[in-house]
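Visitor: All I have is the shape, not the residue letters:
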């Protein structure tokens, strides 16, 4: 097993879930209605693209293909080479982003400030535990792709994984999500 694969997991070493369930994603989205626009759009960016917190902070208007509804995200984990992944996002999100075109970056904040923004929204949504993080949103993007029958190759591309084995971890979901998939066989 490679170092990358062993580091990538959906449960902590003590068995706690690291991703948001579908109902938690819904509560998170609902809690965004109370957030200031800038913070709401930052959180939606993480939710809709599955990007890492540092990748979202680096986004600027040049990264948005405005007419096509695509955000081009530079994968910052691959520091020695330039790797851009294009992720489609909902049209309403692109339109709301236009309101933030006020400088070089959409969110000129530090990682710790961005982390606090997400933590406050998680608290409003009453989501607590290991999954109540920006990384939990990234993991929930992957599990949501699996649950919604997105081809694994697209999920791999959107998440910026080099190895499909890393993406495949999201297709090994359990609990409520696995039960939802099993219901398809019961029809």
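Guide: Yep, that arrived. Everything numeric here is computed off the predicted structure, so don't read it as measured data.
Visitor: Strands of this structure, residue ranges please.
Guide: With DSSP state E as the criterion, the chain has strands at 64-65, 70-74, 84-88.
Visitor: Low-confidence stretches in the chain?
Guide: The model of the chain has pLDDT under 70 over residues 1-8, 78-79, 101-103, 174-177.
Visitor: most centrally placed residue in it?
Guide: Nearest residue to the geometric centre of the chain (CA atoms, centre = their mean): residue 50, 2.3 Å.
Visitor: Would you pull up how far stretch 89-103 lies from the middle of the chain?
Guide: The chain centroid and the centroid of stretch 89-103 are separated by 17 Å under CA atoms, centre = their mean, to the nearest Å.
Visitor: ugh, wrong one, stretch 152-162
Guide: Centre-to-centre, stretch 152-162 and its host chain are 12 Å apart (CA atoms, centre = their mean).
Visitor: Also stretch 112-130?
Guide: 14 Å.
Visitor: can you count the residues close to the residue lying closest to the residue nearest to the centre of the chain once chain neighbours are set aside?
Guide: Leaving aside its sequence neighbours, residue 50 sits nearest to residue 141 (CB to CB, 6 or more residues apart in numbering; 3.0 Å). (Glycine included, C-beta is placed from N, CA and C.) Residue 141: 24 surrounding residues under other CB atoms under 10 Å.
Visitor: got the contact list for residue 141?
Guide: By CB atoms under 8 Å, 6 or more residues apart in numbering, the contact list for residue 141 reads 47-50, 158-159.
Visitor: will you turn the strands of the chain into JSON lines that also has distance to residue 164 and mean neighbour count?
Guide: Shown next, in JSON lines, are the strands of the chain (distance: least, CB to CB, whole Å; neighbours: other CB atoms under 10 Å):
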{"stretch": "strand 64-65", "distance to residue 164": "25", "mean neighbour count": "17"}
{"stretch": "strand 70-74", "distance to residue 164": "19", "mean neighbour count": "19"}
{"stretch": "strand 84-88", "distance to residue 164": "14", "mean neighbour count": "16"}
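Visitor: want to try a markdown table for those, with distance to residue 42 as columns?
Guide: Listed next are the strands of the chain as a markdown table, based on distance: least, CB to CB, whole Å:
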| stretch | distance to residue 42 |
| --- | --- |
| strand 64-65 | 14 |
| strand 70-74 | 13 |
| strand 84-88 | 15 |
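Visitor: and residue 178, which of these is closest to it?
Guide: For the strands of the chain, the distance to residue 178 is smallest for strand 84-88, at 25.6 Å, taking CB to CB.
Visitor: Now find how far off-centre that closest one is within its chain.
Guide: Using CA atoms, centre = their mean, the offset of strand 84-88 from its chain centre is 13 Å.
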